[in-house]
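Asker: got a predicted structure here, sequence first:
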Amino acid sequence: MHVAIWDLDDTLYHRHVQVGDDYSGTHDIVLFPDALPALTKPDQIDILVTKESREGVQGVKLDALGIRERFEEIHTVRRDEDKREVFASIRERFALPIYVIGDRVDSEILYGNELGMMTILCPRGKYLFRKPGSEVERPDYTIRDLTELGDVVHRSVEIVFETHGTTVDNEAGVASGWNDAKLSKRGIREARELGARRADEHFDTVFCSDLSRSYATAEIAFGDRVPIIRDERLRECDYGKLNGQPGAVVKPQNVEHITKPFPGGESYLQTTARMKRFLDELLHSYNHRRVMVIGHRATQYALEHLTRNVPLEEAVAAAWEWQPGWTYRLKALD
């Protein structure tokens, strides 16, 4: 089950007929052919958020189009920027994946992105050729018409997460952070054991961070059997001035830096944001595939939060114990 937040004009119907002050012209407006099937999904809660230039006009359009009853909620606003407040209210009330569908990058796509929702642009009508003016206006997906919506919503990737091997810093009780700690002899052995344990399994790609403890684990375990891609977004949290300090000093402070960055470093909210960018790209490029991610504690906190909806505070504070891999199912909007 998921929530779909819809725009109306030029998303569900073509605004080629102007509705007059006396509501003339409403009988001439028609739905796009792909609109009604998109609004009849049994696993979807449909909510309309639309701007109206004068009171009541959007309601008249809904009645003329015959789709008022298709929506669980209908919200009308007088200014585009008011959509953001409505979107935030929806997010607070629904503990479900939420995606935003519209035709304007500078309106519903912008506000959905600001609130961390999945955004889907269906460009047609008046704003067909409008381009994103900034990164925050860039949609997660662009579709030609609403028949492609199902493919986006039902995308999934199976992620097998493994931790990197033990490092010399681990053995010394040091919190490496962004320091490039090397694998110890034990860590090299663990990497070989990982390769043997997964020898009969198929992975389309192995992703790892650009820190050597992560990519060395991948290279020792898999060699040239599987493509290995390094990605800096999979790094451990940057502890800033505490990189390389004793773990007994750093670990108790983790929960204090969910939203507040470590001095000279980053917060776990920031590490999760870069992981989200990685996962968005993964979902787009590896739909219905199986990949491995070899990462760090911050990598796994983000996976717990973004794919299993575990509050970030709980993920960071939870006791951690090694096990031979964790499996996560990445789906759109999770």
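Answerer: Happy to help now that I have it. Numbers count the residues shown, from 1 in each chain.

Asker: CA atoms for contacts and neighbours, from now on please.
Answerer: Fine.

Asker: can you give me the helices in this protein?
Answerer: Using DSSP state H, the helices found in the chain span residues 35-38, 57-65, 82-93, 108-114, 149-153, 168-172, 185-197, 212-222, 247-250, 268-285, 297-308, 312-317.

Asker: lowest mean pLDDT across the ones you listed, which one is that?
Answerer: Across the helices of the chain, helix 149-153 has the smallest mean pLDDT, namely a mean of 81.

Asker: that one: which residues count as buried?
Answerer: Judged by neighbour count (16 or more other C-alpha atoms under 10 Å), helix 149-153 contains these buried residues: 149, 152-153.

Asker: still on that earlier bit, any chance of the helices of the chain in a markdown table with distance to residue 75 as columns?
Answerer: Converted to a markdown table, the helices of the chain look like this (distance: least, C-alpha to C-alpha, whole Å):
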| stretch | distance to residue 75 |
| --- | --- |
| helix 35-38 | 19 |
| helix 57-65 | 10 |
| helix 82-93 | 8 |
| helix 108-114 | 13 |
| helix 149-153 | 22 |
| helix 168-172 | 54 |
| helix 185-197 | 52 |
| helix 212-222 | 48 |
| helix 247-250 | 47 |
| helix 268-285 | 28 |
| helix 297-308 | 28 |
| helix 312-317 | 31 |
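
Asker: closest one to residue 15 among the ones you listed?
Answerer: Evaluated with C-alpha to C-alpha, those place helix 57-65 nearest to residue 15, the distance being 10.6 Å.

Asker: which residues sit against that closest one?
Answerer: For helix 57-65, contacts defined as C-alpha atoms under 8 Å, 6 or more residues apart in numbering pick out 19, 23, 26-27, 29-31, 50-52, 68, 76.

Asker: what domains does the record give for this structure?
Answerer: Annotated domains of the chain cover 2-153, 156-331 [automatic domain parsing].

Asker: let me see the contact set for residue 257.
Answerer: 267-268.

Asker: same deal with the one 3 residues further on?
Answerer: By C-alpha under 8 Å, 6+ apart, residue 260 lies in contact with 266-267.

Asker: hmm, 10 Å instead?
Answerer: Listed by C-alpha atoms under 10 Å, 6 or more residues apart in numbering, the contact set of residue 260 reads 254, 266-270.

Asker: let's see if you can find the most crowded of the residues you listed.
Answerer: Using other C-alpha atoms under 10 Å as the neighbour criterion, residue 268 leads these with 28 neighbours.

Asker: look up how far residue 320 lies from that residue.
Answerer: To residue 320, residue 268 is 16 Å away according to C-alpha to C-alpha, to the nearest Å.

Asker: now swap in residue 102 and tell me
Answerer: Separation of residue 102 from residue 320 (C-alpha to C-alpha): 41 Å.

Asker: just the strands in the stretch 1-150 of the chain please.
Answerer: For the stretch 1-150 of the chain, the strands defined by DSSP state E, counting those that start in this stretch occupy 2-6, 44-51, 73-77, 98-102, 118-121, 141-142.

Asker: the fifth one: partners in the sheet, and parallel or antiparallel?
Answerer: Sheet pairing of strand 118-121 (DSSP bridges) gives strand 98-102 (parallel), strand 141-142 (parallel).

Asker: I'd say residue 78 and residue 55 touch.
Answerer: Yes. At 8.6 Å, residue 78 counts as touching residue 55 under the criterion of C-alpha atoms under 10 Å.

Asker: sorry, back to before: closest to residue 209 among the buried residues of helix 149-153?
Answerer: The nearest member of the buried residues of helix 149-153 to residue 209, counting by C-alpha to C-alpha, is residue 152 at 26.9 Å.

Asker: now do the contacts for that closest one.
Answerer: Listed by C-alpha under 10 Å, 6+ apart, the contact partners of residue 152 are 120, 140-143, 283-284, 287, 331-333.

Asker: for the nearest residue to residue 9 once chain neighbours are set aside, which residues are in contact?
Answerer: In this structure, residue 9 finds its nearest non-sequential neighbour in residue 15, 6.0 Å apart by C-alpha to C-alpha, 6 or more residues apart in numbering. By C-alpha under 10 Å, 6+ apart, the contact set of residue 15 is 8-9, 29-31, 124-126.
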